[in-house]
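Chemist: Sharing a model prediction with you, sequence too.
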Amino acid sequence: MARRIPVPQLEGVTREEFLQRIYPQRKPVVLKGIDLGTCTTKWTADYISQVGGTKEVKIHVSTVPQMDFIKLCLLTGLYTGLQKTSTRNSLFQRGCLFKEEKYYLRSLGEDPRKDVADIRKQFPLLEGDIKIPEFFEKEQFFSSVFRISSPGLQLWTHYDVMDNFLIQVTGKKRVVLFSPRDAQYLYLSGTKSEVLNLDNPDLNKYPLFFKARRFECVLEAGDVLFIPALWFHNVISEEFGVGVNVFWKHLSSECYDKTDTYGNKDPTAASRAMQILDRALKTLDDLPEEYRDFYARRMVLRIQDKAFSSNYE
């Protein structure tokens with residue numbers, strides 16, 4: 001099994017302490033005792049159902065606890081009729097009562113292709129209940145994502161390209177995180193890991209997975225988890241719960257893809273570099289196998305020298 005390292009927990013951290021002492025370390029930390037407003041007591045299933053009324057929402061549906069993003073797309077296609085008619089009331093009823101299926105709401109912008117999720121716009125009657133920690137500059141704000149999860153639901157392991165506060169408003173979540181330095185052990189497909197069941201991974205299929213350092217924490221209602229950009233995270237809902245993710249730009253705005261409404265597209269320079277690498281590897285196909293192997297290994301060595309010349313951990 002991967003080594004398990006507890007995520008540090010800090011009580012009553014101020015904005016100044018976060019920015020000066022915690023943020024520069026670029027490591028996850030659980031912030032406890034943060035004033036989040038009345039949401040931690042008010043956001044019951046009944047309250048949100050009443051406030052939300054019959055607002056239509058799109059939900060993800062799965063018949064197994066581990067949601068696979070690729071299979072999930074197929075499932076949501078099969079449940080198109082359900083999604084078009086689902087209201088927040090029916091979502092709570094299904095999420096609380098139908099144990100054979102798992103439900104997950106991730107709020108979207110008015111036009112998901114153009115607009116980011118923002119609780120102030122999609123759920124204005126809930127906005128006044130929550131105080132988002134102002135631990136970043138207002139111009140850095142990217143999105144605030146409202147989430148509802150069934151008990152037992154496990155989302156896929158993935159990374160985001162922006163910094164993130166995972167605010168656990170109600171319920172309990174277990175979060176597993178992996179350092180960006182351990183990406184080589186996670187069997188990536190795009191921004192996601194192919195290893196779905198972290199507690200019982202198939203080591204015959206994923207033999208290097210056990211080398212990844214595994215950071216863990218349990219979020220109770222009122223806890224805030226800081227997830228730095230590029231840190232892989234996997235979230236397991238131990239109880240029916242409501243949460244809000246707040247993303248902000250750690251880099252200058254010019255670095256990000258302007259068409260990205262989810263905050264998970266690689267920075268433009270990184271995307272260009274990957275495209276160049278793909279072309280370089282394809283060019284090697286013109287060589288005999290012996291030469292192809294030799295020059296591919298030289299490329300790997302050059303990339304390793306570049307990657308590990310940094311003091312970043």
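Modeler: Now that the structure is in, tell me what you want to look at.

Chemist: which residues touch residue 8?
Modeler: Residue 8 makes contacts with 27, 29, 30, as judged by CB atoms under 8 Å, 6 or more residues apart in numbering. From N, CA and C alone the C-beta is placed, and that goes for glycine too.

Chemist: Repeat that for residue 233.
Modeler: By CB under 8 Å, 6+ apart, the neighbours of residue 233 are 157, 158, 159, 166, 175, 176, 177, 178, 227.

Chemist: ok, now with 10 Å
Modeler: 28, 155-160, 164, 166, 175-178, 215, 225, 227 (CB atoms under 10 Å, 6 or more residues apart in numbering).

Chemist: cool, residue 111 as well?
Modeler: Residue 111 is in contact with residue 261, counting by CB under 10 Å, 6+ apart.

Chemist: Okay, it and residue 262: tell me how far apart.
Modeler: Noted for residue 111: a distance of 13 Å to residue 262, by CB to CB, to the nearest Å.

Chemist: now residue 139
Modeler: For residue 139 relative to residue 262 (CB to CB), the value is 20 Å.

Chemist: Same check on residue 234?
Modeler: With CB to CB as the criterion, residue 234 and residue 262 are 17 Å apart.

Chemist: for residue 27, same thing?
Modeler: As defined by CB to CB, residue 27 lies at a distance of 24 Å from residue 262.

Chemist: Quick check: residue 298 vs residue 275, distance?
Modeler: 20 Å.

Chemist: what's the answer for residue 35, then?
Modeler: From residue 35 over to residue 275 (counting by CB to CB), the distance is 45 Å.

Chemist: go on, residue 241?
Modeler: 39 Å.

Chemist: So for the two, which residue has more residues nearby?
Modeler: Neighbours per residue, other CB atoms under 10 Å: of residue 241 and residue 275, the larger number sits with residue 241, 22 against 10.

Chemist: beta partners of the more buried one?
Modeler: Legend: beta-bridge partners of residue 241 under DSSP bridges are residue 149.

Chemist: Residue 209 reaches residue 186, doesn't it?
Modeler: Yes. Counting by CB atoms under 10 Å, residue 186 is a contact partner of residue 209 at 7.0 Å.

Chemist: Tell me the residues that contact both of those two, please.
Modeler: With CB under 10 Å, 6+ apart, residue 209 and residue 186 have common neighbours 178, 193, 194, 195.

Chemist: shouldn't the last one be in contact with residue 182?
Modeler: No. Under the criterion of CB under 10 Å, residue 195 lies out of contact with residue 182, with a separation of 11.8 Å.

Chemist: Please say which of these two ends up with more neighbours.
Modeler: Neighbour count, other CB under 10 Å: between residue 195 and residue 182, residue 195 has more, with 23 against 17.

Chemist: Look at the residue lying closest to residue 266 once chain neighbours are set aside and say how many residues are nearby.
Modeler: Distance criterion CB to CB, 6 or more residues apart in numbering; nearest residue to residue 266, sequence neighbours excluded, is residue 161 at 6.0 Å. By the measure other CB under 10 Å, the count of residues near residue 161 is 24.

Chemist: Okay, and residue 161 sits in which element?
Modeler: In the assignment (DSSP states H and E), residue 161 maps to no helix and no strand.

Chemist: shaky segments in the stretch 201-313 of the chain?
Modeler: For the stretch 201-313 of the chain, applying pLDDT under 70 flags the ranges 308-313.

Chemist: Now do the strands in it.
Modeler: 214-219, 224-227, 232-237, 241-248 (DSSP state E, counting those that start in this stretch).

Chemist: and the angle for the third one with strand 214-219?
Modeler: When axes from the mean of the first three to the mean of the last three CA atoms, to 10 degrees is applied, the directions of strand 232-237 and strand 214-219 differ by 40 degrees.

Chemist: Off-centre distance for strand 232-237?
Modeler: Remark: strand 232-237 is offset 7 Å from the chain centroid, using CA atoms, centre = their mean, to the nearest Å.

Chemist: try the last one
Modeler: For strand 241-248, the separation from the chain centroid amounts to 10 Å (computed by CA atoms, centre = their mean).

Chemist: From the contact counts, what lies against it?
Modeler: Applying 3 or more CB pairs under 10 Å, 6 or more residues apart in numbering; DSSP states H and E, we find strand 241-248 packed against helix 39-42, helix 119-122, strand 141-149, strand 163-170, strand 224-227, strand 232-237.

Chemist: Confidence-wise, which of the ones you listed is weakest overall?
Modeler: Mean pLDDT per stretch puts helix 119-122 lowest among the helices and strands packed on strand 241-248, at a mean of 89.
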